[in-house]
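Novice: just to be clear, the model below is a prediction. Sequence and coordinates:
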Amino acid sequence: MKNKKFIIFLALLLVFSVPAYISAKGESKNKKSLSFSDVEKHEKYITTTKSFKIDGEILDEIPYKEGEFEGKLSRQKFVDIDYDKNIKTYKFGGWIQDKEYKEVAAAFEAQSKEAQKNTEELPMDIVKLSDGRYQKHIEVEKTFALEVEPPYEIEYSEGNMEGKLSRQRLVNRDEIYKTKTFVYGGWVDIKD
């Protein structure tokens, strides 16, 4: 009985997941966007050692080639000195790229710049909602007579902003003037 339920479960899982997988795969084929991993595929980090004569010139960079990858490696640190052979050994390291690297990196950079250009810069206190509306958080103080029960919400309208603000907290109670002051706050819509 348990095996039968398990087989039915697997069949249902297969029936519902395969079409979703195929449609998702089809959508991803239609949209080709580069990621940093695409750039990474065309470069790799290499370390190696190189020996120089003790009294000879010691290079800061050396050319390096491995298959289709090539580049320059920088001197990183001293490794060893061998007085018998009259040589000093240094460690060199750096990133080497294949021939396609520059093309892929340029395309990735262009895509990143395009994405930055399409991003809208907003002031810190303004947010853009998923439905395209803009909102801003507002706080105002309102003073009432002590005997008056203040409303829970008030209408706010200033310039191109309007919305309802709710009572947040009591900030002042003045027995001499018989008043109380509340802070009202909330998110209001910004009209175009």
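Specialist: Happy to help now that I have it. Remember, it's a predicted structure, so these values are computed and weren't measured experimentally.
Novice: how about the strands in the chain?
Specialist: Secondary structure of the chain (DSSP state E): strands at 43-53, 61-66, 69-82, 87-97, 126-128, 134-145, 153-158, 161-174, 179-190.
Novice: D84 - how many residues pack around it?
Specialist: Counted with other C-beta atoms under 10 Å, the neighbours of D84 add up to 5. Backbone N, C-alpha and C define where each C-beta goes, glycine included.
Novice: over to E162?
Specialist: 13.
Novice: circling back to that earlier point, which one of the strands of the chain has the poorest average confidence?
Specialist: Ranked by mean pLDDT, the strands of the chain end with strand 126-128 at the bottom, a mean of 81.
Novice: list the buried residues for it?
Specialist: Neighbour-count burial for strand 126-128 flags no residue at all (criterion: 16 or more other C-beta atoms under 10 Å).
Novice: again with stretch 167-182
Specialist: 167, 180, 182.
Novice: give me the contact list for that stretch.
Specialist: Here stretch 167-182 makes contact (C-beta atoms under 8 Å, 6 or more residues apart in numbering) with 139, 141-147, 150-153, 183-185.
Novice: of those residues - the most surrounded one?
Specialist: Y184 leads these on contacts (other C-beta under 10 Å) with 21 neighbours.
Novice: ok, it - contacts?
Specialist: The contact partners of Y184, taken as C-beta under 8 Å, 6+ apart, are 139-142, 153-154, 156, 165-168.
Novice: nearest spatial neighbour of it, chain-adjacent residues omitted?
Specialist: The shortest distance from Y184 to any non-neighbouring residue, by C-beta to C-beta, 6 or more residues apart in numbering, is to L165 (4.0 Å).
Novice: that neighbour contacts P151, doesn't it?
Specialist: No: L165 is beyond contact range of P151, at 10.1 Å (criterion: C-beta atoms under 8 Å).
Novice: surely V183 is in contact with I138?
Specialist: No: the pair V183 / I138 is not scored as a contact, 10.6 Å apart, by C-beta under 8 Å.
Novice: what comes up buried for stretch 46-63?
Specialist: By neighbour count on 16+ other C-beta under 10 Å, the buried set for stretch 46-63 is K50.
Novice: again but with stretch 90-108, I slipped
Specialist: For stretch 90-108, burial by neighbour count (16+ other C-beta under 10 Å) applies to 90-92, 94, 96-98, 101, 104-105, 108.
Novice: out of those residues, who's nearest E43?
Specialist: Q97 (4.4 Å; C-beta to C-beta).
Novice: quick check, that closest one in contact with G67.
Specialist: No: using C-beta under 8 Å as the test, Q97 is too far from G67 to be in contact (11.8 Å).
Novice: which parts of the protein belong to which domain?
Specialist: 1-31, 37-102, 126-190 (automatic domain parsing).
Novice: that's all I had, so thanks and see you.
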